Structures are given as C-alpha cells and as structure tokens.
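> build the 3D model from these lines:
(2 chains)
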Number of protein chains: 2
Amino acid sequence: MRKIINKPEDFVDETVDGIIAAYGDKLKLLNNDRRIILSAYPKKEGKVGIVTAGGSGHLPLFLGYVGQGMLDGCAVGNVFASPSSQKMADMIRACDAGKGVLCLFGNYGGDVMNFEMARELVEFDDIKTTTALGRDDAASAPKENADKRRGVAGIVFAYKIAGAAADKLLSLEEVTAITQKALDNTRSLGVALSPCILPEVGKPTFNINDDEIEIGMGIHGEKGIEVRKMISADEVAQIALDRITADMDISGGDEVSVLINGLGGTPLEEQFIVYRKVFSLLKDRGVTVVMPHIGEFATSMEMLGLSVSVIKLDSQLKELLKAPALTPFYTNLNR
Amino acid sequence: MRKIINKPEDFVDETVDGIIAAYGDKLKLLNNDRRIILSAYPKKEGKVGIVTAGGSGHLPLFLGYVGQGMLDGCAVGNVFASPSSQKMADMIRACDAGKGVLCLFGNYGGDVMNFEMARELVEFDDIKTTTALGRDDAASAPKENADKRRGVAGIVFAYKIAGAAADKLLSLEEVTAITQKALDNTRSLGVALSPCILPEVGKPTFNINDDEIEIGMGIHGEKGIEVRKMISADEVAQIALDRITADMDISGGDEVSVLINGLGGTPLEEQFIVYRKVFSLLKDRGVTVVMPHIGEFATSMEMLGLSVSVIKLDSQLKELLKAPALTPFYTNLNR
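Modelled structure (predicted):
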C-alpha cells in the first residue's frame, strides 16, 4: 500500500495527535477525546456557535476550519464515516454560549441522521440549534431533486460566511438565514482521474482507466454522471461552468467567488491552469471574481482530480466572505 | 497521461497566467514576462532585495514565497529547469532598491551557473549582490562533501528568515550572514513512494515498485541512498531524525522548527502522522519545537512522498522565523 502510515486502524487517532502536537495552542480536544475538536482561539462573548462534523480522510475538511472567524467545533468520524450522535451532542454543548448553535454540514445520510439525534439530545439542556446543509454538488442529482444533492468543497464558503455572521453577534435565526443564502448560491462540479485508497481496505475500491476522467464524481468516489476519454484543462473548466450556470443564473455585472479544490493528488499547477480558464470564461460573461480560492480545501486522500465551486455574491455575502478568518489550515488574509 | 492540462508546452505559461489571474494585486510580472514574478505588496524603503529562481513543477516553491516579509522576486524556469541568466539579471535589477540583493537559491548546477552570470551582468549597473545556497538535503552527499548537497524544502526557512532580516533594514552583509546561519542550521531528508510525470514527457522517467520506498530521493527524482520494502510512518520519522541528527547536533534544551513537506501526492493526514512521531522523538530528547510547518511547501507535482526538515534556532533565528510573513501561498500568522 502506497501510504506512509502505521497501523491502518490508528490512522485517524494518529492524524489528530499530529494536529494537536502541531497546533495545540489553537485547537483543543474536548476531555481528551480525539474525535471532538474545539477552537482555542479567543472568542467573542455572546456569539452563536457554528459547528460541523464529518468523516476523516478529507483534510483540511472538516476540522481544519475550526478557528477564528469560522467554526467553533468539529466532531471527527472514522475515514469516510460519520461520527456518532453522542460526540456531536457533546460538541454542541461545548460550543453553546447561550445563544444557540448552527449545525452546518454536508448532506450525507449518516451525518444528517446523527446530527438530528444530537440536536434532540441537547434540547434537554435547553440548547437551541438549527441546521444548514451543504448540497453544492450539481452533478449528484438533477435540479428538480436539488435537496438530494451531496455537499462537497463549496461548503467552505458557507463556513466562512457563517463564522463571520456569528462574529457580528447576529442571532441564531439571522446567522442561519445568511448561511442558507450562501449555500443556496453555491454550486460545484468535480472531476476525478483516479480513486483513493482507504487505509483499512488497502486498495482502491473502484478503478478509473489511465486515459479516462470521470465527471461529477463525489469526494468518496460516488459515481459521477459520465466517464470520458481524457479531456483538456480548458474543457474541464468549460464543463464545470456549463453545469454550474445551467443550474444557477450568473449574468454580466454579477460578482462571484471561485474555489478550485484539489482532491489530494493533483498538483497545484494544474489547479491554476483550470482557474485561468474559469476566470477567463467568467470575464467573457462580464462576471467579476472576488477573492478566489485555489488549493486543497476538501480532499479524498490521494485522489487525482479537482472540483470547481462558484458562489454568487450579494453585498452582504461579499462582506462576510472578506471578513478575516484564521485557522491553522485556512486564512483569507492572503487571498 | 493523468494530468489536467492543455498543451504540455504551455504548462508553465498557463500556470503563471492562472496565478496572476488569481493574485494580480499581490504578484506582478516584470514587463509582462511570465518568467519574472515580483512582489506587489507594500515594501519597506531602503530594504535589501531577496530573490530566488528555479525550475517549475514545485509549487508553492519557488514563486509562492514572493510577498511581504519573504522574497521580492523570482525567476521562473521550465519544468525542472533553471531560468536563464538574463531573466535572473532583469529580476535582480527590478528588486534592487540601492541596498543590494541577496540571491538565495538551491544548489543545482544550472541555477548556480546562471546566477553567477546574472550577478556579473548586474555588476555593470553597480548593483551589489551576494549569494546563499540551500544545501539542506542530508542524503544527497556525505557530510565531508556537504557543499555538494542539493537544496530541498528546508530553504523555506531561509526565505522566511532572510525576508525578516531584510525587513529590519539590516545591511546586505548582515542579511547574508544571518541567512547563511539559517542555511547552515538546516537539514532535510526526503522519502518517495512514486515518481512524477513531466508534462512534456508524459510518463514517469523511472519507477518505484508499489511495495517499496526510496530514502533520500531528491525533488526531481534524483537517486536516494536506499530502496526499502515499505516501512511505517514512525520508521520514516525515525530514519529522518537519525540522519538529520547524525549530521547536526541537536541536544536537550535546544529549540528547533520542523517542516514536514508533502511532495504533491501524499495526503495531509500522512504528513501529520509523521509529524506526530518527529515531535515525540524530539520531545524525548528534551528538544522544543517552535512554529512547526506541515503541508506542501516544495513539491514534485504528483509525486508521493514527503520530507522532514529541521532548523536549529538561536534567539535571533527564532525571532526572524516568527516575524509575520504573508504571500498568496504562505503565511506564518496561523502557525
């Protein structure tokens, strides 16, 4: 197995140990539990809590967005598996400052079910919670069934905007409404050139031929919409933008942000080559790009491929996107 | 070929176009030349210039360290090839503010030769220059021939420290001496699990078996010191530290910084698993780690593998390492 690991069953615990060894002044565990990460950054009093959860194997997603101006906590699951409702409930309790907690996470069955149970558990402690779901993957269901879509890298925009809204000391209802607007305005499309290997499995669970690319594949290797013979970077950009704009109107004069997300194995150079074309296609339409993000934001370990996400901005979303955020894995201070 | 690119011969130009499309307010081209990148960040008056150069295919190395508190300029070569002396000379001229320019780059034949010619060229313009060479790869030559060693990811520490020293408005001689001390105090060891593919070649130029790991491989696939059957993450950490400390004394009470560098294809999770062990081995020796760096700093496109770099700090180096730096690809504000 081409992985630099120890025992596969220790993969997640040892990853978290490494993260805490490196950033223990910025992130902390709740009661030494390696599956509950909390922000150790200074926090504003009376702020709504923003939390997430999800499986491991996607760094910097999910725990990488815990920090100043973004998330207050993250429950950590096994590789590609949801954490338990109990961990989520403990985390929500730790992140509530009396103003309630927004649970912001991707639309996957296990996470949805476990967060629902967790919210019921903390209701007994009189903690108010709301939910907002990342469903940006435009390839994962047709427009008519948009509520069935999966969440992918576009959720990073929502983390950013939710955190900034909470920092303004808005109410739980207001923060939730703004976050929902950000999610509604975000679409993504991913392409993959290779599978990834789960540490405890030791080999790829499916195969993509060397000369093929899968359009619309999910970040756990969920089936896409089409397998093609290899295409160029410019074609990838065109296909992604076609799919995104078929789903969400983007017209001349609009402002958007763009996130090019490497899936783990794809070089940064290729991500910039794709961004170049996305930028130029948007420019041709009279659309302005604000604060683009290019890099690895939501990975599938060593998977080759990338995704393109676009968020349509109004003045409120733009201001919140630009508000400073700082976590050990993310900042927008240099974007 | 498993790459998301257009024409292989456009790989570098299109990468730079994407970078300028994204960060054109922070980085700029000299006279629209895609091979000369200059900082567009506000700069202190009367500062010594710090420049570098090197081949493409290593993002964020080299141009990614151009920005505030680090480099003023970078000449960009073709994939794994040195840029010309003419480009270097143009860049040096653009980065001189009358106080001279430090040329800080890795010890590779082409870069050494071309910088030597470039320095001769700018001498006619009365620009004072000095040179400092990254030679941190402890596997690339025995200790007796340390001046023949290649530069790898450890040079990032030198970029950081040189930039901070220049920002203090120290003289060219002082900045050069401090940078040389940083370089002298840095050692690295890398391991690779796969080759990478040059865009214009289209296939790997060598092979590593699926169950093998090469110790000491360079970032262009230069031969290492040993090929082994696959070993664990903890063994990688141990081998790297053994090699580094055999070469440079690190004792109880010392302070160091550590940089774990993903070579492009290796997941961030694995980098943290290795960091965890490096941290614990150093702790066992009574050594304190200051501001660790974990992530991709010097890549070989999609190569699987990572390197471990250690810099031994005195109070001066520590202060300069911690001084804030901000480029589109790097910051230490969140470390």
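> burial measure for A:L313, as a count.
For A:L313, the neighbour count with other Cβ atoms under 10 Å in any protein chain shown is 24. Yep, even glycine has a C-beta here, placed from its N, CA and C like the rest.
> can you pull the phi/psi pair for the residue lying closest to A:Y23 once chain neighbours are set aside?
In space, and not counting its chain neighbours, A:Y23 is closest to A:P328: 4.2 Å by Cβ to Cβ, 6 or more residues apart in numbering or on different chains. The phi/psi pair for A:P328 (degrees, to the nearest 10) reads phi -60, psi -20.
> wait, A:P328 touches A:A22, no?
Yes. Shown here, A:P328 and A:A22 form a contact pair, counting by Cβ atoms under 8 Å, at 7.2 Å.
> ok, those two, which is more surrounded?
A:A22 (24 against 21).
> quick one: what helix or strand has that one in it?
Following DSSP states H and E, the helix or strand that holds A:A22 is helix A:11-23.
> does the helix or strand following that helix reach chain B?
With elements assigned by DSSP H and E, the helix or strand that comes after helix A:11-23 is strand A:27-30. No. Applying Cβ under 8 Å from any Cβ of the partner chain, one finds strand A:27-30 separated from chain B by no less than 10.9 Å.
> for whichever helix or strand comes after strand A:27-30, packing partners?
Sequence order places strand A:33-39 as the next helix or strand after strand A:27-30, per DSSP H and E. Packing partners of strand A:33-39 (3 or more Cβ pairs under 8 Å, 6 or more residues apart in numbering or on different chains; DSSP states H and E): helix A:11-23, strand A:27-30, strand A:73-79, helix A:85-95.
> so which elements touch the longest one?
Judged by 3+ Cβ pairs under 8 Å, 6+ apart, the packing partners of helix A:11-23 are strand A:27-30, strand A:33-39, strand A:49-56, strand A:73-79, helix B:268-284.
> redo that, cut-off 10 Å
Using 3 or more Cβ pairs under 10 Å, 6 or more residues apart in numbering or on different chains; DSSP states H and E, the elements in contact with helix A:11-23 are strand A:27-30, strand A:33-39, strand A:49-56, strand A:73-79, helix B:233-247, strand B:255-262, helix B:268-284, strand B:293-295.
> for the fifth one, name the packing helices and strands.
In other words, helix B:233-247. helix A:11-23, strand B:186-192, strand B:212-215, strand B:226-229, strand B:255-262, helix B:268-284, strand B:305-313.
> one more time with 7 Å, if that's ok
strand B:186-192, helix B:268-284, strand B:305-313 (3 or more Cβ pairs under 7 Å, 6 or more residues apart in numbering or on different chains; DSSP states H and E).
> to B:E255, which of the ones you listed lies closest?
strand B:305-313 (4.7 Å; Cβ to Cβ).
> so that closest one versus strand B:255-262, what angle?
Here the directions of strand B:305-313 and strand B:255-262 differ by 160 degrees (axes from the mean of the first three to the mean of the last three Cα atoms, to 10 degrees).
> avg pLDDT for the helix or strand following strand B:305-313?
Next helix or strand after strand B:305-313 toward the C-terminus (DSSP H and E): helix B:315-322. For helix B:315-322, the mean pLDDT works out to 98.
> can you tell if helix B:315-322 touches chain A?
No. Helix B:315-322 lies out of reach of chain A by Cβ under 7 Å from any Cβ of the partner chain, never closer than 13.2 Å.
> residues from the stretch 101-250 of chain A in reach of chain B?
Residues of the stretch 101-250 of chain A that fall close to chain B, judged by Cβ under 7 Å from any Cβ: A:L193, A:S194, A:D210, A:S232, A:A233, A:D234, A:V236.
> mind checking which of those residues are buried?
Neighbour counting with 16 or more other Cβ atoms under 10 Å in any protein chain shown marks A:L193, A:S194, A:S232, A:A233, A:D234, A:V236 as buried within those.
> columns pLDDT on top of those residues, output as CSV?
Below are those laid out as CSV (pLDDT from 0 to 100):
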residue, pLDDT
A:L193, 96
A:S194, 94
A:S232, 98
A:A233, 98
A:D234, 98
A:V236, 98
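> farthest-separated two in these?
A:S194 and A:D234 (20.8 Å).
> ok, now which ones touch the nearest residue to A:V278 once chain neighbours are set aside?
With Cβ to Cβ, 6+ apart as the criterion, A:V278 has its nearest non-adjacent residue at 4.7 Å, and that residue is A:A237. Contact analysis of A:A237 by Cβ atoms under 7 Å, 6 or more residues apart in numbering or on different chains lists A:V274, A:K277, A:V278, A:L281, A:V308.
> chain B: which of these is nearest?
Among the contacts of A:A237, A:V274 lies closest to chain B (Cβ to the nearest Cβ), at 6.2 Å.
> tally of neighbours for the closest one?
Neighbour tally, A:V274, other Cβ under 10 Å: 30.
> so which of the helices and strands packed on helix A:11-23 gets nearest B:E319?
strand B:255-262 (11.5 Å).
> packing partners of the closest one?
helix B:155-167, helix B:268-284, strand B:288-289, strand B:293-295, strand B:305-313.
> dump the residue contacts of A:A153.
A:A153 neighbours (Cβ under 7 Å, 6+ apart): A:S188, A:L259, A:N261, A:F297, A:A298, A:S307, A:S309.
> quick one: low-confidence ranges for the stretch 101-250 of chain A?
Nowhere does the stretch 101-250 of chain A drop to pLDDT under 70.
> what's across from A:V289 in the sheet?
Bridge pairing for A:V289 (DSSP bridges) gives the partners A:V256.
> for it, give me the pLDDT.
98.
> correct me if wrong: it contacts A:V256.
Yes. Counting by Cβ atoms under 7 Å, A:V289 does reach A:V256; the two are 6.1 Å apart.
> which residues do those two both contact?
A:L282.
> and these two? which has more neighbours close in?
Remark: of A:V289 and A:V256, A:V256 carries more neighbours, 23 against 18, as counted by other Cβ under 10 Å.
> so how far is B:V122 from the more buried one?
In this view, A:V256 and B:V122 are 43 Å apart by Cβ to Cβ, to the nearest Å.
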